[in-house]
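# turn this into a model:
(one chain, ligands or ions: 1)
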Amino acid sequence: MSENQKEANLPIAPFPKNVVMSGIRPTGMIHLGNYFGAIRNYVRMQDNFECYFMVADLHSLTTHPDTSLLKNQVKRVIAENIACGLDPEKASFYCQSHVRETGELYLYLNMLAYKGELEKTVTFKDKVRQHPENVNAGLLTYPVLQTADIILHRASHVPVGKDQEQHLEMARNFVVRFNHRYGTVFPEPHAFNFDQELIKVPGLDGTGKMSKSENAYSTLYFGDDNDLIRKKVMKAKTDSGPTEPNSPMPDYIENIFQLMSLVSSDDVIKKYKSDYDNCSIRYGDMKKQLAEDMVQFMAPIRQKTNDLLANDEYLVKVMKDGAEKAGNSARKTMELVRNAMGLNYF
Ligand code: AMP
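You can find the predicted model right below:
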C-alpha cells in the first residue's frame, strides 16, 4: 500500500459487508443467559449475514486448564447451539483451536496491547478475585485473543451479552491501533443485539448474572431436567409483596419479571404486573407460572441436544466443515495482515 493510501486510511482491500462473529466457551452447559444474550441473535442473523460462530476452547484454558473433559464439553456446546436453532449449513460453526491462524494474529495483536489497559479490564479483575492462584498471562490477554477471533474474519457485528461490552471497546482500540500503524485492514467491530440494548440475564437469586461456571443454583441450564428447573425457579428470592399501590420494584422482583418477559406470554406478564401494582400479587403463583413456562421453553431444546449428542459422527462433521470454512476466511485475512505488516520477505 502506498503512503498516501495509508494516510487517507483507505482499506487495503474493500471491507467485507456485514460479517458476523461470536463465540461461546465450553466451560459448562449452555444457560438461559447464553441463549438470550447471544445464541438467539446468532439464529436471527444466520439467514442474512456471513456468520462465523465458534466454540472458544482456547479461551476456556485461561480458567479451566484441565483438558480431560474438554472433548465432551466442546461437543455438548456444539449440540446445544444447534438445538437452539444455529444452522451449520448457513453459518460457519467451528472450534477455535481448529483455526491455527488465530494464534498468529493473537501474537501480532499482543504487541499492540498494553499491560496497563489489560489490567484494568473488569472481567480480568473479577477472575483475579475468583482465582488468585491462577493469574496467568492468557487471562490478562483474554481480550486480545477475543479480538483476534473477531477480526480474523474482518467481522463488524458481534452478537454478545452486556458483559462483553468492555471487551468490544478494547477490540476497537486494538483495531484502530493496527490500522493506524500498518494500514487499514480491519473494520471496527461492534457489539450487536437485534433488540438494540445488550442483554444481561440476571441470576435467580437476584444478584449477579446467570453463568456457566459460577452461581449454579441461580442459573437455568438447558441440561437441567424439568424438576430441577421448577426447584430453582421456586427458590428465587421474593418477599411478602408491596403494601402501597404502584410501589417501586425491588431488584430481585424486577429480575423475576425480566425472566418472565423472556418466556411467558404478554397476557401473563400483564396480569402479574397489574397484581403487583394493586398489591394482590402472589409470588408463589407467579413463580409456578414462570417455572412451567420455562419448562415449556427449555425441555424441547434439552431433548434435541440429547438426540444430537447421540450422533457423534454428525458433530464431528459439523466441526470439520466449520473448520474448513473458517480456515478459508482466516487464510485470506492473514495474507492481508502479513502484507500490511511487511512480513512478506520473498
Ligand atoms: P460465555 O458463557 O462467557 O462464554 O459467554 C457466551 C456468550 O453468552 C457471550 O456473548 C456472553 O455475553 C453471553 N452471556 C453469558 N452470560 C450471560 C447472561 N447472564 N446474560 C446475557 N448474556 C450472557
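# quick one: residue 13 and residue 335 touch, right?
No. Using Cβ atoms under 8 Å as the test, residue 13 is too far from residue 335 to be in contact (9.3 Å). In this view, the C-beta of every residue, glycine as well, is placed from N, C-alpha and C.
# looking at those two, which one has more neighbours?
Ranked by neighbour count (other Cβ atoms under 10 Å), residue 13 and residue 335 place residue 13 first, with 15 against 12.
# what distance do you get for the more buried one to the ligand?
28 Å (Cβ to the nearest ligand atom, to the nearest Å).
# same deal with residue 243?
31 Å.
# equivalent analysis for residue 68, please.
Using Cβ to the nearest ligand atom, we find residue 68 at a distance of 20 Å from the ligand.
# what residues does stretch 159-166 touch?
Stretch 159-166 has contacts (Cβ atoms under 8 Å, 6 or more residues apart in numbering) with 20, 22, 33-34, 36-38, 41-42, 45, 121-123, 143, 158, 167-168, 191-193, 198-201, 209.
# quick one, which of these are buried?
20, 22, 33-34, 36-38, 41-42, 45, 121, 143, 158, 167-168, 191-193, 198-201, 209 (16 or more other Cβ atoms under 10 Å).
# and residue 212, what does it touch?
25, 27, 28, 29, 30, 31, 34, 219.
# so which of those residues sit within helices?
Taking DSSP state H as the definition of helices, the contacts of residue 212 contribute residue 34.
# among the contacts of residue 212, which ones lie close to the ligand?
25, 34 (Cβ under 6 Å from any ligand atom).
# output the contacts of residue 212 in CSV, with pLDDT appended to each entry.
Shown next, in CSV, are the contacts of residue 212 (pLDDT from 0 to 100):
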residue, pLDDT
25, 96
27, 93
28, 91
29, 92
30, 95
31, 96
34, 95
219, 96
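# contact residues of the stretch 51-200 of the chain facing the ligand?
160, 161, 163, 164, 199, 200.
# could you find the closest non-adjacent residue to the second one?
Sequence neighbours aside, residue 37 is the residue nearest to residue 161 in space, at 2.8 Å (criterion: Cβ to Cβ, 6 or more residues apart in numbering).
# wait, what's in contact with the one you found?
Applying Cβ under 8 Å, 6+ apart, the residues near residue 37 are 160, 161, 162, 163, 198, 199, 200, 201.
# and of the residues you listed, the nearest to the ligand?
residue 161 (2.2 Å; Cβ to the nearest ligand atom).
# low-scoring stretches of the stretch 151-300 of the chain, by residue?
The model of the stretch 151-300 of the chain has pLDDT under 70 over residues 195.
# just the strands from it, written as ranges.
Ranges of strands in the stretch 151-300 of the chain, per DSSP state E, counting those that start in this stretch, are 157-159, 190-192.
# among those, which is nearest residue 314?
Closest approach to residue 314 among the strands of the stretch 151-300 of the chain is made by strand 157-159 (24.6 Å; Cβ to Cβ).
# run a quick neighbour tally on the spatially closest residue to residue 203 that is not a sequence neighbour.
Leaving aside its sequence neighbours, residue 203 sits nearest to residue 218 (Cβ to Cβ, 6+ apart; 3.4 Å). Residue 218: 22 surrounding residues under other Cβ under 10 Å.
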